[in-house]
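Peer 1: Any chance you could fold what I've pasted below:
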Amino acid sequence: MTLIGSKIQKDAAFEKNQERLSEMIKHLHSAGEHTKLGGGKKRIEKLHRQKKLGARERIEKLIDPGSTFVEVGLFAGYEMYEEEGGAPSSGTVFGVGIIHGREVVIVANDATVKAGAWFPITCKKNLRAQEISMENKLPIIYLVDSAGVFLPLQSEIFPDKEHFGRIFRNNAVMSSMGIVQIAAIMGPCVAGGAYLPIMSDEALIVDGTGSVFLAGSYLVKAAIGEEIQNEELGGAMVHCEISGVTDHRMANDDECLAKIRSIVNKLGARPKALFDRAEPVPPKFSPDEIYGLLPVERTKPYDMHQILARIADGSELDEYKEGYGKSVITGYARIDGWAVGIVANQRSVVKTKKGEMQVGGVIYSDSADKAARFILNCNQKRIPLVFFQDVTGFMVGSRAEHGGIIKDGAKMVNAVANSVVPKFTFIVGNSYGAGNYAMCGKAYDPRLIYAWPTAQIAVMGGKQASETLLSIKVQQMEKGGKHITPDEQAQLLADIQARYERETDPFYAAARLWVDGIIDPLDTRLIVSRGMAMAINNPDIPSFNPGVIQT
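Peer 2: Numbering: from 1, shown residues only. Just a heads-up that it's a prediction; the model follows:
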């Protein structure tokens, strides 16, 4: 392995970068802590008075003491439903935890947010949880405490393919795949939502707080005139001793969580995928220095090798085609001991052996060709892939077009799309246009995809997009007979830029689950390592067939 990176001169520019990213991380942590409060401290206290734990308290007691819960979708719904009073974390907490040393997916309704009601993004988040469970063949645990669909938005959650019904369909499919599903009814579980826990393999219900029925007491009275209390209709005693719908009657939340741990502890062992792992070694250079390496200006060049040197074990990389296609870095490394193939955009201006200069962050034909070949190699060798995105797209212009950039770009996209090894993506900086696709964006099934606070995701850069939109707007207004003064044009441009900046912000992407979350760059090694710990649970890697790739 070759040592990459070097000691950094911590000059004024380094300190400016460090200060700016530190502020971003501070804002990230602040926003995260506020989001984790769900509906707020008063509603959490109300739960406690009902002798119930909050969603995050339940997860904390469920996982192994001292272990890390890797949360997915913390910012789902962020600033999306303000007219409805907001939906922090979409009213659901989900991620991957460890129970008795085993990786499991955990989904917990947050009853402090609209009584755990399902918003459209809640449905998308739950489908993502099931997707991670199926991709990695991980057991999944549902901690149910929900009033059901948020009715004012029912048309956006009920009838379509990727809506509420897909979750129950997945319950059935996962059961046929042999994926263990355990559900704990720890609060209300109403109407269609009742099928989720009962279609699981094993269902627990908490006495006095848990209830499950297709229609509650008010609806029963309205429908058939019968008067009955919810507890008598579908409480723990009814379903454990009369209907037989549930399997275990638990006295309280603590007993219920302990029972789940006991069930998981007895699950049989399954075959593992044989991805290579050696003894982990920390990077030779301090990961903290990443803060000073990423420039404040989005267009300013930097050397991605220096970033990778603070992520890879021993700061070592076996670079593939080092002297060719320099706007993309490819090579073999280890991250927390796991052997991985790295594909990373190089934002520095590089000089080719032909004496040509290549603009950083752009994928050229030679870079696309190199990346495609490297991805094919990793699939042949069963080496998982890690992508680091900071890409403005593929090269444009007559020279690029005549050189076949579309063909070479398609080759790279084909290789990523048909890749069968686990893929993980980190959006470090820019993620624009087809560059997002070629570098394994969300549409290309990365097992996990996280953004750094410095990320931006859009069809093109803000400056180009804003000027294009302004030109279109001005033409439309002038066709309507209105003359636009320079001052009015400047104001229009400012308004367009403000909107575009908001929509390219990583929080905007995380709110819509375009990414699984936003992380401190220092957590990158942890995410890769835990992602691999998930991935080894699925040994069924299909044969690699890259399809038709033009040469």
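Peer 1: C-alpha only now, for contacts and for neighbours.
Peer 2: OK.
Peer 1: Okay, now the unreliable bits of this protein?
Peer 2: Counting by pLDDT under 70, the ranges of the chain that qualify are 192, 352-353, 355-360, 461-463, 465, 549-551.
Peer 1: Output the contacting helices and strands for the longest helix seen in it.
Peer 2: Secondary structure of the chain read by DSSP state H shows that its longest helix is helix 12-36. Using 3 or more C-alpha pairs under 8 Å, 6 or more residues apart in numbering; DSSP states H and E, the elements in contact with helix 12-36 are helix 290-293.
Peer 1: chain center to the following helix or strand past the helix it packs on, what's the gap?
Peer 2: As assigned by DSSP states H and E, the chain's next helix or strand after helix 290-293 is helix 304-308. Between the centre of helix 304-308 and the centre of its chain there are 23 Å (C-alpha atoms, centre = their mean, to the nearest Å).
Peer 1: related to what we said a few turns ago, please list the outside residues in contact with the longest helix of the chain.
Peer 2: 56, 74-75, 88-89, 289, 291-296, 453-454, 518, 520 (C-alpha atoms under 8 Å, 6 or more residues apart in numbering).
Peer 1: and it, which residues are buried?
Peer 2: 14, 16-18, 20-22, 24-25, 28, 32, 35-36 (16 or more other C-alpha atoms under 10 Å).
Peer 1: Also stretch 124-138?
Peer 2: Buried residues in stretch 124-138 (16+ other C-alpha under 10 Å): 124-138.
Peer 1: outside of that stretch, which residues touch it?
Peer 2: Outside stretch 124-138, the residues that reach it (C-alpha under 8 Å, 6+ apart) are 73, 76, 90, 94-95, 103-107, 139-140, 162-163, 166-167, 170, 174, 179-180, 447, 513, 534-538.
Peer 1: Can you flag which of those residues belong to strands?
Peer 2: Counting by DSSP state E, the part of the contacts of stretch 124-138 found in strands is 94, 95, 103, 104, 105, 106, 107, 140.
Peer 1: Using CSV, lay out those residues together with neighbour count and distance to residue 152.
Peer 2: Formatted as CSV, those follow (neighbours: other C-alpha atoms under 10 Å; distance: C-alpha to C-alpha, whole Å):
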residue, neighbour count, distance to residue 152
94, 27, 24
95, 21, 27
103, 23, 36
104, 26, 33
105, 26, 30
106, 26, 27
107, 23, 24
140, 25, 29
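Peer 1: Closest one to residue 406 out of those residues, please.
Peer 2: residue 95 (38.0 Å; C-alpha to C-alpha).
Peer 1: Bridged to the closest one, which residues?
Peer 2: Residue 95 has these beta-bridge partners by DSSP bridges: residue 71, residue 106.
Peer 1: That one contacts residue 71, correct?
Peer 2: Yes: at 4.1 Å, residue 95 counts as touching residue 71 under the criterion of C-alpha atoms under 8 Å.
Peer 1: Just give the number of residues close to the closest residue to residue 483 other than its chain neighbours.
Peer 2: Ranked by C-alpha to C-alpha, 6 or more residues apart in numbering and with sequence neighbours excluded, the top spatial neighbour of residue 483 is residue 477, at 7.5 Å. Using other C-alpha atoms under 10 Å, residue 477 has 12 neighbouring residues.
Peer 1: picking up where we left off before, the buried residues of stretch 124-138 in helices, which ones?
Peer 2: 124-136.
Peer 1: Pull the most distant pair out of the residues you listed.
Peer 2: The two members of those with the most space between them (C-alpha to C-alpha) are 124 and 136, at 18.4 Å.
Peer 1: mind listing the helices for the stretch 351-500 of the chain?
Peer 2: Assigned by DSSP state H, counting those that start in this stretch, the helices in the stretch 351-500 of the chain fall at 365-380, 398-402, 405-418, 433-438, 462-479, 486-504.
Peer 1: how about a markdown table for the ones you listed, with distance to residue 7 added?
Peer 2: Formatted as a markdown table, the helices of the stretch 351-500 of the chain follow (distance: least, C-alpha to C-alpha, whole Å):
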| stretch | distance to residue 7 |
| --- | --- |
| helix 365-380 | 27 |
| helix 398-402 | 36 |
| helix 405-418 | 33 |
| helix 433-438 | 30 |
| helix 462-479 | 33 |
| helix 486-504 | 33 |
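Peer 1: nearest to residue 528, of these?
Peer 2: Nearest to residue 528 among the helices of the stretch 351-500 of the chain is helix 365-380; the distance by C-alpha to C-alpha comes to 16.4 Å.
Peer 1: May I see the buried residues of the closest one?
Peer 2: Neighbour counts over helix 365-380 (16+ other C-alpha under 10 Å) mark 365-376, 378-379 as buried.
Peer 1: Run through who's touching that helix.
Peer 2: Helix 365-380 is contacted by residues 320-321, 324-328, 330-331, 341, 343, 384-385, 395, 400, 403-405, 408-409, 411-413, 415-416, 419-421, 544, 546 when judged by C-alpha under 8 Å, 6+ apart.
Peer 1: Same question for stretch 57-71.
Peer 2: For stretch 57-71, using C-alpha under 8 Å, 6+ apart, the contacting residues are 93-101, 106, 108, 253-254, 257-258, 260-261, 517, 527, 530.
Peer 1: how many other residues sit next to residue 433?
Peer 2: Neighbours around residue 433, by other C-alpha under 10 Å: 17.
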